[in-house]
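In: Sequence first, then the predicted structure, then my questions.
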Amino acid sequence: MHTFELITPASVTEAVKAQAGSPTAQQGAPVRFIAGGTNLVDFMKLNVETPRQLVDINRLGLDRVEALPGGGVKIGALARNTDVAQHELIKARYPVLSEAILSGATVQLRNLATTGGNLLQKTRCVYYRDTAFACNKRNPGSGCPAIEGHNRMLAVLGTSEHCIATNPSDQNVALTALEATVHVTGAKGERAIPIAEFYVLPGATPERETVLAPGDLITHVTIPALPDGAKSVYLKLRDRASYEFALASAAIVTQVSGGRISFARVAMGGVGTVPWRSHEAEKALLGKAATRENFRAAAEAALHGAKPQTQNGFKVELAKRCVTHALTLATKQA
Amino acid sequence: MAPIDEKDPQPLTSLERISRRVFLTRAGAAGVATATAAVAAPLSAQAQAPTAAAPTEAAAVPGAVPVTLKVNGSTHRVMVDPRATVLDTLRETLSLTGTKKGCDHGQCGACTVHLNGRRVNSCLLFATMHQNDEITTIEGIGTPEKLHPMQAAFVQEDGYQCGYCTSGQIMSAVALLKEPVGADDASVREALSGNICRCGAYPNIVAAVQAVRHMA
Ligand SMILES: Cc1cc2nc3c(=O)[nH]c(=O)nc-3n(C[C@H](O)[C@H](O)[C@H](O)COP(=O)(O)OP(=O)(O)OC[C@H]3O[C@@H](n4cnc5c(N)ncnc54)[C@H](O)[C@@H]3O)c2cc1C
Ligand code: SF4
Ligand code: FES
Ligand code: FES
């Protein structure tokens, strides 16, 4: 690990200022915010991240979960994953978020991990983690050994010839289905970024993962109210029953009125280079009867255009079954 | 590396240890066979060399920073490398070796301690960031004469084989008693999935935890 200087700002303004001078907020940033540290410290030990300055944001507050007028919820960037998942408001209004968070990592990690840190967690691609290998995301232009190598865990949607790494988060899949907004304070003031615009596809610049610029501090996330009677579910399929990243997962929000689907949000994890929203599946569901055939048709639409790699072709069918079953679970409760 | 560390007659500061680790890593890259012979002499020489200053003296360690840690109710002022984790500081600076290092990457749970009453992986915490927090380690929950009920239950139920994961398991299990965990064994297994046991003592670990929960 490279050595670093730790700064502990007392205000959001100071924190933003501390990072604003960094040439980038993306891969290789020499100044980094540190929240729970469960992602950053891991990568610093691997020399994948080598910040010269760490800005400790744990003294800024920003850790509350609050109801918003109109039925939505505001979640502070420093709210710990455990506290969000166990919060009465989240369990009552957005079970999909509570379930997604609880399906990820472990109690010890969730006690440290924060909402903002989870939004920005890095891929688990084995080449990204190991500086002995080339990797376009870590070292732009060096190549992508995963395409010909170990890609069983990697993405089938949103890939490019430069990078096929998965966004590994569970939380972010639920936040995508819930159409959350990420609130940022940066050098030029405050911004509200819809989660659908927060992540960027790898394309030719996989080192750039989000629209964040130097100085941008995530302060909170807001989630709008769901339609009355909407149900939500998170289903995660993985190699073991606990403590493993998703091979495929689905976050579903549905409302069924008079036997027909009147509201549908479908997002997938484990298969996309970003948390994957499927408007195609939603379109296929809207107005249809809540039957297994219609769920399967939506799942087919969701994986339309999937591009399997040498080892992860199984994910295409697995993700379809995951979406189909999650839809069954979400509508059974209704 | 571990056996060499265990033999150290002198307490070393975390900086000295890190520099030795870096040295060993480089030597390892050059070839283990030659490295072992070449390294053995200078290493033991370094280990025997008088550690002139106590680890608490700033001048002894270039780049070290002062840190105040509250561990098991006592306050410790020490000098550590800014990169030192809570785990390394506990083990190497405070000689509280009950907390174990397994993976050093948040994957195994051997390093589990309580931070303000909640269980966390101490290998992922920079010591400098936790000066206002209450840290509790396995040494802080019971003594050989007066075991914590969870420690006693692990003995009673034989909840270990080699024992390496045990302090982490017990720290997790003690924290679990105050968490919203279902009554069944499956819920306990899920709640303890962050503590890996290479010996596979899981059935007895679950039995120990359930024994304590039934007592309550
Ligand atoms: C062994 C292991 C297993 C795991 N399994 C899972 C799993 O199954 N599912 C899952 O979803 N996750 C899993 N995780 C990942 C875990 O959820 C993340 O490590 C965690 O959410 C990161 O949060 P943090 O607060 O610790 O982030 P940090 O490590 O503190 O920060 C991560 C990044 O976010 C930046 N950052 C943090 N906060 C802000 C902010 N407010 N504004 C701007 N930038 C910020 C930091 O600069 C850094 O670049 C696992 C982790 C480990 C170690
Ligand atoms: S898939 Fe992306 S992260 Fe993995 S090696 Fe290729 S470029 Fe790097
Ligand atoms: S040593 Fe910390 S989790 Fe393995
Ligand atoms: S008792 Fe040996 S690792 Fe658990």
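Out: That came through, no problem. Numbers count the residues shown, from 1 in each chain, chains lettered A, B, ... in the order given. Ligands and ions are numbered 1, 2, ... in the order given.

In: got the contact list for the nearest residue in space to A:E197 that is not next to it in sequence?
Out: In this structure, A:E197 finds its nearest non-sequential neighbour in A:V211, 6.6 Å apart by CB to CB, 6 or more residues apart in numbering or on different chains. In short, each C-beta sits where N, CA and C put it, glycine included. By CB atoms under 8 Å, 6 or more residues apart in numbering or on different chains, the contact set of A:V211 is A:I193, A:E197, A:F198, A:V200.

In: for A:A165, same thing?
Out: A:T123, A:C125, A:Y128, A:K137, A:A146, A:L154, A:A155, A:P202, A:P206, A:T273.

In: Try it again at 6 Å.
Out: A:T123, A:C125, A:L154 (CB atoms under 6 Å, 6 or more residues apart in numbering or on different chains).

In: Surely A:A105 forms part of a strand?
Out: No - assigned with DSSP: H, G, I helix; E, B strand; the rest coil, A:A105 falls outside any strand and is coil.

In: And the pLDDT at it?
Out: On pLDDT, A:A105 comes in at 98.

In: Can you list phi and psi of it for me?
Out: Backbone torsions of A:A105, given as degrees, to the nearest 10, read phi 50, psi -140.

In: Also B:E92?
Out: According to degrees, to the nearest 10, B:E92 has phi -100, psi -30.

In: and the gap between it and ligand 3?
Out: 14 Å (CB to the nearest ligand atom, to the nearest Å).

In: Under the pLDDT cut-off, which ranges of chain A? List them.
Out: A:333-334 (pLDDT under 70).

In: Tell me the predicted confidence for B:A47.
Out: 37.

In: Next: B:G63.
Out: Value for B:G63, per-residue pLDDT: 87.

In: dump the residue contacts of it.
Out: Contacts of B:G63 by CB under 6 Å, 6+ apart: none found.

In: For residue 156, grab the count of nearby residues.
Out: You didn't say which chain, so I picked chain A. Close neighbours of A:V156, defined as other CB atoms under 10 Å in any protein chain shown, add up to 28.

In: Chain B is the one I meant
Out: 15.

In: now what about the one helix or strand it maps to, what contacts it?
Out: Using DSSP states H and E, B:Q156 falls within helix B:149-157. Helix B:149-157 is touched from outside by B:G142, B:I170, B:A173, B:V174, B:N204, B:A207, B:A208, B:A211, B:V212, with contacts defined as CB under 6 Å, 6+ apart.

In: Same check on stretch A:252-264?
Out: With CB under 6 Å, 6+ apart as the criterion, stretch A:252-264 contacts A:177, A:227, A:229-233, A:265-266, A:282, A:285-290, A:326-327, A:330-331, A:334.

In: Let's see that with 8 Å instead.
Out: Contacts of stretch A:252-264 (CB under 8 Å, 6+ apart): A:96, A:177-178, A:226-235, A:265-267, A:281-282, A:285-290, A:294, A:298, A:323, A:326-327, A:329-331, A:334.

In: just stretch A:70-79 next, same as before
Out: By CB under 8 Å, 6+ apart, stretch A:70-79 touches A:35, A:57-58, A:60-68, A:84, A:89-90, A:93-94, A:114-116, A:217-226.

In: Which members of these are classed as buried?
Out: A:35, A:57-58, A:60, A:62-63, A:65, A:84, A:89-90, A:93-94, A:114-116, A:217-223, A:226 (16 or more other CB atoms under 10 Å in any protein chain shown).

In: hang on, the earlier thing: okay if I get the contacts of A:V211 as CSV plus secondary structure and distance to A:D170?
Out: Shown next, in CSV, are the contacts of A:V211 (DSSP: H, G, I helix; E, B strand; the rest coil; distance: CB to CB, whole Å):
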residue, secondary structure, distance to A:D170
A:I193, strand, 20
A:E197, helix, 21
A:F198, helix, 16
A:V200, coil, 20
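
In: is it true that A:Q86 touches B:V181?
Out: No - using CB atoms under 8 Å, A:Q86 makes no contact with B:V181, being 11.4 Å away.

In: So which of the contacts of A:A165 are in strands?
Out: Using DSSP state E, no member of the contacts of A:A165 sits in strands.

In: for A:A204, what are its contacts?
Out: A:S160, A:H162 are the contacts of A:A204 under CB under 8 Å, 6+ apart.

In: On the three-state scheme, it is what?
Out: coil.

In: re earlier: for ChimeraX, write the selection for the buried entries among the contacts of stretch A:252-264.
Out: Only the buried entries of those go into this ChimeraX selection, using 16+ other CB under 10 Å:
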select /A:96,177,178,226,230,231,232,233,234,235,265,266,267,281,282,285,288,290,294,298,323,326,327,329,330,331
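
In: Okay, domains of the chain per the record?
Out: Went with chain A since none was named. Segmentation of chain A into domains, based on automatic domain parsing, reads A:1-59, A:60-120+A:167-223, A:233-332.

In: My question was about chain B, not that one.
Out: According to automatic domain parsing, the domains of chain B span B:63-140, B:145-216.

In: gap between the two ends of the first one?
Out: Across domain B:63-140, the terminal residues are separated by 30 Å (CA to CA, to the nearest Å).

In: same check, this time on the shortest one
Out: The straight-line separation of the ends of domain B:145-216 (CA to CA) is 22 Å.

In: could you give the mean pLDDT of it?
Out: Domain B:145-216 comes out at a mean pLDDT of 97.

In: Which ones among the contacts of stretch A:252-264 map onto strands?
Out: Per DSSP E, the contacts of stretch A:252-264 map to strands at A:K231, A:S232, A:V233, A:Y234, A:L235, A:R265, A:V266, A:A267.

In: ok, so of the residues you listed, who is nearest A:V316?
Out: A:V266 (15.7 Å; CB to CB).

In: Now that closest one: closest residue in space that isn't a chain neighbour?
Out: A:V266 sits nearest to A:A281 (CB to CB, 6+ apart), 4.1 Å away.

In: if I read this right, the one you found contacts A:V323, doesn't it?
Out: Yes - counting by CB under 8 Å, A:V323 is a contact partner of A:A281 at 6.6 Å.

In: what do those two both touch?
Out: A:V266, A:A298, A:A299, A:A302.

In: contacting residues around the last one?
Out: Under the criterion of CB under 8 Å, 6+ apart, the contact list for A:A302 reads A:V266, A:M268, A:S278, A:E280, A:A281, A:A319, A:K320, A:V323.

In: now do 6 Å
Out: A:A302 touches A:S278, A:A281, A:V323, counting by CB under 6 Å, 6+ apart.

In: How about the third one?
Out: For A:A299, the contacting residues are A:K320, A:V323, A:T324, by CB under 6 Å, 6+ apart.
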